[in-house]
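S.K.: sequence below, structure please.
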Amino acid sequence: MRHLLPLLVALPLLGAALLAATGRRLPRIAVEITGFVVCGGTAALALVLLLNSSPPMTEWVGAWPPAGRESVGILVVGDGPALGMATLASLLTLAALAYSWRYFDAPPHGLTGAFTALMLVFQGAMCGFALAGDLFNAFVFFELMSVVAYALTGYRIDEAKAVQGALTFGIVNSLGAYALLMGIALLYARTGELAMARIGHGLDAAGPGGPDALVLTSFVLVLTGLLVKAAAVPFHFWLPDAHAVAPTPVCMLLSGVMVELGAYGVWRVYGTVFAGPGGIPAADLTRVLVTLGALTAVTGAVMCWYQRHIKRLLAYSTVAHTGLFLVGLGVLTPEADDGVALYLLGHAGVKAALFACAGALLDRFGSVDEHSLHGRGRPLRATGVMCAVGALGLAGLPPFGTALGKAVTEEAVGGPLTVVYVAASAITAGAVLRVTARVFLGLGPRPRDAEYETSGSDEEPETTGLLSRIPDTMTTVPAVLLAAALAVGVSPGFGTLVARSVGRAGPGDAHAAVHWTAHGVLLGVASTVLAVALAGLAVTRPDRTAAPGWAAPLRRLQSGHVGDYVAWLLVGTTVLGALALPGVLGY
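M.R.: Reported below is the predicted structural model:
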């Protein structure tokens, strides 16, 4: 089976090349069927390999195994976490392609097949990053994933906002990639290796007494690149700007899996490269991730609440939940890893479904402004129901997979940080419930149209014209995604299967039996009740829930100026170094 691992990258890339070469001469239906078959075939292969990933598989691509102590080939790793992320990326890409069936009725400049080809390249790059066993090829797929994401974000090149959002996305993420590459170069200079496991052994052999300045610098640079992709505060500014202009199927992938791959990269690289005696002490990583994770969760939740542009609101919700993932990973316990894995799976389905619902509003009414859409969504009953269900999933209402993952993670984290999980989940879910109540039910007085720089009222539909009827694919796909998020929480034994696939425990370890607890259920219900209460207050008393003065500076930070975002990236890198430094110095 291990020889099939490279096909997870090769199949979508070859399919994209085929469409790029022949797309102009094929009818559109043939292009979309080809893309769907290639993507679906890759997803099926990823699932088969995932089910056979115990024991983990490794493959040196091109039959270039290590020669003595030197490794010169490309290593791919087929363990549970890697294949799980590859499967998730492939299935979500398949869902996005199904959602976008006949979606763009008029491709720009006659580029028939360009969108489908780009989506396949995106899928191949995400699979490659998930499976990469050496840092340099992880960087290669990191960059390929990024470049394709820039192109997809700015796909509607005739709109200035789309080009600006893609440019901001590209500059900030490219700087993160440069930081990652410099960190890899430092590690290569120290160990002469690129395979992650071999770098870890090299660091342990070179510095058993603990990390020195070179190791600390490489750690900070690598972490910077990965946290930019994960959209952690203060590296997050590109994400709302990109989501506001990216086509809806692209938003489904950006928030559903690409951001999560950044968090996965942190987990993978630290555990394989820096976790040994010559790397970074566990207490230092805990301090870094828990601090930045809590800051990210709080900032994302607050900014989510004060948005009226629905796609930006959902983007900030992604920022908030990414912070919760980072807090869980920062605890460095097997139980927390299990919880984050389940939380991530449930969140992927819920968030992709919510973006799909936002896309239906955009293409039906030409707006994603919560205020201007007040009551206009009543005819879209199915979409309204799915928005409400998605909001309850974000809140962590049992038995959603988000609730199970949140409960397991909360129990592993414990203490005051549990409040962060409840508050962030409730605020983000409350914001989505508020949108649902106003847009689809017309509840409460219409909010006064105060001046707002990003209202979403002047958006262009992503189809050639406003839709008089929402296509079945645009309602079926989010329904299936929400059902999958629910299945994560209710399928017997699924949590235990995920825990064992994470690879931090054997089949006999007690913690691998993941199950619901009374404590977790109560916290899930509490966050849901709080979300409903916040939404009710916002709908009935809109003047009481306007953005207060203290939130204005936080909103002004999202300036839209790429120079500001670059400055904050440098600040974030400095903060990472400051948080990691005390342990290195022995304080």
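
S.K.: just the mean pLDDT for the strand or helix carrying G128, thanks.
M.R.: Using DSSP states H and E, the element containing G128 is helix 114-131. Mean pLDDT, computed over helix 114-131, is 94.

S.K.: dump that helix to CSV, restricted to CA.
M.R.: This file holds the C-alpha atoms of helix 114-131, laid out as CSV (Å, rounded to 0.1, in the frame of the first residue of the first chain):
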residue,chain,number,x,y,z
ALA,A,114,-9.3,26.9,-15.2
PHE,A,115,-11.3,26.9,-11.9
THR,A,116,-11.6,23.1,-11.8
ALA,A,117,-7.9,22.7,-12.7
LEU,A,118,-6.9,25.2,-9.9
MET,A,119,-9.0,23.3,-7.4
LEU,A,120,-7.3,20.0,-8.3
VAL,A,121,-3.9,21.6,-7.9
PHE,A,122,-5.1,22.9,-4.5
GLN,A,123,-6.1,19.4,-3.5
GLY,A,124,-2.8,17.9,-4.6
ALA,A,125,-0.8,20.6,-2.7
MET,A,126,-2.8,20.1,0.5
CYS,A,127,-2.3,16.3,0.3
GLY,A,128,1.4,16.8,-0.4
PHE,A,129,1.8,19.1,2.6
ALA,A,130,-0.1,16.6,4.9
LEU,A,131,2.0,13.7,3.8
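
S.K.: the next helix or strand after it versus helix 114-131: what angle between them?
M.R.: Once helix 114-131 ends, the next helix or strand along the chain (criterion: DSSP H and E) is helix 135-153. Using axes from the mean of the first three to the mean of the last three CA atoms, to 10 degrees, the inter-axis angle of helix 135-153 relative to helix 114-131 is 150 degrees.

S.K.: how far does helix 135-153 sit from the chain's center?
M.R.: In terms of CA atoms, centre = their mean, to the nearest Å, the centre of helix 135-153 is set 14 Å apart from its chain centre.

S.K.: on that earlier part again, against which helices or strands is the helix holding G128 packed?
M.R.: In this structure, helix 114-131 packs against helix 7-22, helix 28-51, strand 74-78, helix 80-99, helix 135-153, helix 248-253, helix 259-269, with contacts taken as 3 or more CB pairs under 8 Å, 6 or more residues apart in numbering; DSSP states H and E. Placement of C-beta: from N, CA and C, glycine included.

S.K.: now these as TSV including mean pLDDT?
M.R.: TSV is the format used below for the helices and strands packed on helix 114-131 (pLDDT from 0 to 100):
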stretch	mean pLDDT
helix 7-22	94
helix 28-51	93
strand 74-78	89
helix 80-99	95
helix 135-153	94
helix 248-253	94
helix 259-269	95
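
S.K.: for the ones you listed, which one ends up most surrounded?
M.R.: For the helices and strands packed on helix 114-131, the largest average neighbour count (mean count of other CB atoms under 10 Å) is found in helix 248-253, namely a mean of 27.

S.K.: show me what contacts the most centrally placed residue in the chain?
M.R.: Centroid-nearest residue in the chain, with CA atoms, centre = their mean: V259, separated by 2.7 Å. Taking CB atoms under 8 Å, 6 or more residues apart in numbering, we find V259 in contact with K229, A230, A231, L239, T318, T322.

S.K.: and those residues, which two are the farthest apart?
M.R.: Greatest spacing in the contacts of V259, by CB to CB: K229 and T318 (12.4 Å).

S.K.: give me every residue that touches L13.
M.R.: Neighbouring residues of L13 by CB under 8 Å, 6+ apart: L120, V121, G124.

S.K.: how close does it sit to G80?
M.R.: Going from L13 to G80 by CB to CB, to the nearest Å gives 24 Å.

S.K.: in the chain, where is pLDDT below threshold?
M.R.: Applying pLDDT under 70 to the chain flags residues 68-71, 102-112, 206-210, 449-457, 503-513, 543-551, 582-587.

S.K.: domain map for it?
M.R.: The record's domain parsing of the chain by automatic domain parsing lists 1-131, 158-278+560-587, 281-445+457-547.

S.K.: tell me how far the shortest one lies from the chain's centre.
M.R.: Going back to what we said before, that points to domain 1-131. On CA atoms, centre = their mean, the centre of domain 1-131 falls 18 Å from the chain's centre.

S.K.: go on, stretch 235-244?
M.R.: In terms of CA atoms, centre = their mean, the centre of stretch 235-244 is found 12 Å from the chain centre.

S.K.: can you list the buried residues in that stretch?
M.R.: F235, H236, F237, W238, L239, P240, D241, A242, H243, A244 (16 or more other CB atoms under 10 Å).

S.K.: please enumerate the strands of the stretch 351-500 of the chain.
M.R.: With strands called from DSSP state E, counting those that start in this stretch, the stretch 351-500 of the chain shows none.

S.K.: show me the helices in it, by range?
M.R.: Taking DSSP state H, counting those that start in this stretch, the helices of the stretch 351-500 of the chain run over residues 381-395, 401-413, 417-441, 473-490, 494-502.
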